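**Student:** compute the structure for the input listed below.
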Amino acid sequence: MARRTTRPPQPAVTDGSPCPCGLPATYGACCGRFHTGQATAPTAELLMRSRYSAFVVRDETYLLRTWHPDNRPSSVDFDPGTRWTGLEIAATTEGSMFHSTGTVTFVARYTRAGESGRLHERSHFERHDGAWVYVSGTFME
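**Tutor:** The predicted structure is shown next:
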């Protein structure tokens, strides 16, 4: 018998909500347009922000689409007890419209079981078939 897992409903983020990535725009005008495929992220930083927002709204399709095919998992395992609460971009290297690679160092804050935590990572991106994709990440202290 297959084991069923129950996931809580996605967080209530609508096109008119503030974007979870922290930029001063609505979700629909910011990361939502990347999630729907209306646009592609023009920089590594915007891809990083949109991937963070995809974790917030649990958009597995977008996360897999923006993962480099050489490293892409078959699925994304969202922790149902984790709630992402904020993103801070600490540094970027290259990753502009004129580069083929880039890095984004960030801190993503979350809560799990009533405890606050943070994920500090340096993410590596590159262009693949003309679009920015996530290649890998290095956890930082």
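**Student:** so which helix or strand takes in residue 45?
**Tutor:** Per DSSP states H and E: residue 45 is located in helix 44-57.
**Student:** and that helix, how far out from the chain middle?
**Tutor:** Centroid displacement of helix 44-57 relative to its chain, using Cα atoms, centre = their mean, to the nearest Å, is 3 Å.
**Student:** show me the contact partners of it.
**Tutor:** 10-11, 13, 19-23, 27, 30-32, 34-35, 41, 59, 62-63, 66, 78, 84, 87, 89, 92, 94-96, 99, 102-104, 106, 108, 123, 125, 132-134 (Cβ atoms under 8 Å, 6 or more residues apart in numbering). Where C-beta positions appear, they are placed from N, C-alpha and C, glycine not excepted.
**Student:** quick check: residue 66 touching residue 133?
**Tutor:** Yes - with contact defined as Cβ atoms under 8 Å, residue 66 counts as touching residue 133 (5.5 Å).
**Student:** tell me which of the two has more neighbours.
**Tutor:** A side-by-side neighbour count of residue 66 and residue 133, using other Cβ atoms under 10 Å, places residue 66 first with 24 against 21.
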